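1. from the sequence below, what's the structure:
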Amino acid sequence: MKNNLPGFLKVFLLFSIVLFVIQYLLLNFIFESELFYPVWAIYLFHFFATLIIYSTLIWVHQNFQDKIGFAFMGLSLLKMLAAVIFLLPLILSGIPTTFLNIIAFFIPYFLFLIFETLYVVKLINLK
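-> Predicted coordinates for the structure are as follows:
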């Protein structure tokens with residue numbers, strides 16, 4: 001079971017780097033817009049949130065195989081709460097480009113969530 005994490009990390013790191021480069025290039029060279037949070041900070045948040053969730057789910061799978069779905073739903077709820085807390089300074093700042101900043105955060109959020117969900121489904125199907 002511990003062999004799942006290195007395989008996940010290889011694909012996840014490549015996935016994160018490709019998304020980061022695409023968003024960085026789009027924002028800096030095509031849209032030429034400056035965000036409240038730098039792109040690297042957004043991706044660090046998503047990377048570590050997803051890594052913590054998947055690592056925790058591997059532990060839950062090893063110890064409580066029948067509870068992994070509930071653990072995923074609970075951890076996803078905590079991730080949403082962390083995202084709101086992360087974005088709170090932006091929302092309260094009152095800057096006029098709030099919509100672009102929120103979109104720049106939530107597009108990767110949902111892409112990381114899809115990636116995370118695919119790997120959790122693989123983990124659940126290992127029974």
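
2. gap between residue 12 and residue 126?
-> Per CB to CB, to the nearest Å, residue 12 is found 18 Å from residue 126. C-beta: built from backbone N, CA, C; applies to glycine.

3. swap that for residue 115, please
-> In terms of CB to CB, residue 115 sits 18 Å off from residue 126.

4. higher neighbour count, the two?
-> Taking neighbours as other CB atoms under 10 Å, residue 115 and residue 126 compare with residue 115 leading, 19 against 10.

5. which secondary structure element is home to the residue nearest to residue 83 when sequence neighbours are not counted?
-> Residue nearest to residue 83 in three dimensions, not counting chain neighbours: residue 109, with 6.2 Å by CB to CB, 6 or more residues apart in numbering. Using DSSP states H and E, residue 109 falls within helix 98-124.

6. buried sites along that helix?
-> 100-101, 104-105, 108-109, 112-113, 115-116, 119-120, 123 (16 or more other CB atoms under 10 Å).

7. element containing residue 73, please.
-> Assigned by DSSP H and E, residue 73 falls in helix 68-93.

8. what's that helix packed up against?
-> helix 39-63, helix 98-124 (3 or more CB pairs under 8 Å, 6 or more residues apart in numbering; DSSP states H and E).
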